[in-house]
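Undergrad: take this sequence and fold it.
(2 chains)
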Amino acid sequence: DTAVSQTPKYLVTQMGNDKSIKCEQNLGHDTMYWYKQDSKKFLKIMFSYNNKELIINETVPNRFSPKSPDKAHLNLHINSLELGDSAVYFCASSPPGTSWETQYFGPGTRLLVL
Amino acid sequence: AQSVTQLGSHVSVSEGALVLLRCNYSSSVPPYLFWYVQYPNQGLQLLLKYTSAATLVKGINGFEAEFKKSETSFHLTKPSAHMSDAAEYFCAVSERNTDKLIFGTGTRLQVFP
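TA: Numbering: from 1, shown residues only, chains lettered A, B, ... in the order given. Just a heads-up that it's a prediction; the model follows:
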């Protein structure tokens, strides 16, 4: 049973396209996150949601729009893809409102923009 | 703002040797500190975390880390490396009241037979 799952695992697309990445967690957590890992393995938070409400938005271009239809899902939609968007995107979840809680990561979505 | 510095982007050890991965943090308040491991083409998995209880924290797979406030360090150690320990290791600090994890740049551990 996968705790945090992401689809697709790989995504190859052309510049200018619009794409979505889906994330689901079955841990019953209230808080979910999106992280971006660049080619140098640097990990940076993009967004966090707590019970469908946006909590953290880390100066991400507005081409990136997270959507949380319910607290078990946090999807990431990206408009007008650029070469620099190529990266691995990780979804994570954690119990609510406590900064010492463990974050559980999904397997990642490898996005390549050509 | 809090930050994390991992000294050494690559560390190589022989199987059976001591593993030492360094992490220093910058924080004006006592932080929460984490070590995560990333195996090739996988997501991150928690190894251990410090949440202001015991300063010596034991984690999975024989790893442990010691919180040293005077040195602002949280180095990760393992007495004897296994081939299966080869992976990327990330130190992270959590900002209180924001749930935001700030990661270091990672250290790739290679284990040679």
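Undergrad: pretty sure A:Pro66 sits against A:Asn75.
TA: Yes: A:Pro66 lies in contact with A:Asn75 (C-beta atoms under 8 Å); the separation is 6.9 Å. Where you see a C-beta, it was placed from the backbone N, CA and C, and this is true even at glycine.
Undergrad: low-confidence stretches in chain B?
TA: For chain B, the stretches flagged by pLDDT under 70 are B:97.
Undergrad: what does it put close to chain A?
TA: Residues of chain B lying near chain A by C-beta under 8 Å from any C-beta of the partner chain: B:32, B:34, B:36, B:38, B:41-46, B:49, B:51, B:88, B:90, B:94-103, B:105-106, B:108.
Undergrad: if we go to 6 Å?
TA: B:32, B:42-44, B:46, B:51, B:88, B:94, B:96, B:99-100, B:103, B:105-106 (C-beta under 6 Å from any C-beta of the partner chain).
Undergrad: what's the burial count for residue 41?
TA: Assuming you mean chain A. 16 (other C-beta atoms under 10 Å in any protein chain shown).
Undergrad: hmm, no, I was thinking of chain B.
TA: Neighbours around B:Asn41, by other C-beta under 10 Å: 10.
Undergrad: with B:Val37 instead?
TA: 21.
Undergrad: and it, which helix or strand is it part of?
TA: strand B:32-38 (DSSP states H and E).
Undergrad: let me see the contact set for A:His29.
TA: A:93-95 (C-beta atoms under 6 Å, 6 or more residues apart in numbering or on different chains).
Undergrad: ranking the residues you listed by neighbours, who comes first?
TA: Neighbour max across the contacts of A:His29 (other C-beta under 10 Å) = A:Ser93, 28 neighbours.
Undergrad: let's see the helix or strand where it lies as CSV, backbone CA atoms only.
TA: According to DSSP H and E, A:Ser93 maps onto strand A:87-94. Extracted in CSV, the C-alpha atoms of strand A:87-94 (Å, rounded to 0.1, in the frame of the first residue of the first chain):
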residue,chain,number,x,y,z
ALA,A,87,13.1,18.9,-12.5
VAL,A,88,11.8,16.2,-10.2
TYR,A,89,8.7,17.2,-8.4
PHE,A,90,7.9,15.6,-5.0
CYS,A,91,4.7,15.6,-3.2
ALA,A,92,4.7,15.0,0.6
SER,A,93,2.3,14.9,3.5
SER,A,94,2.4,15.2,7.2
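Undergrad: thanks a lot, catch you later.
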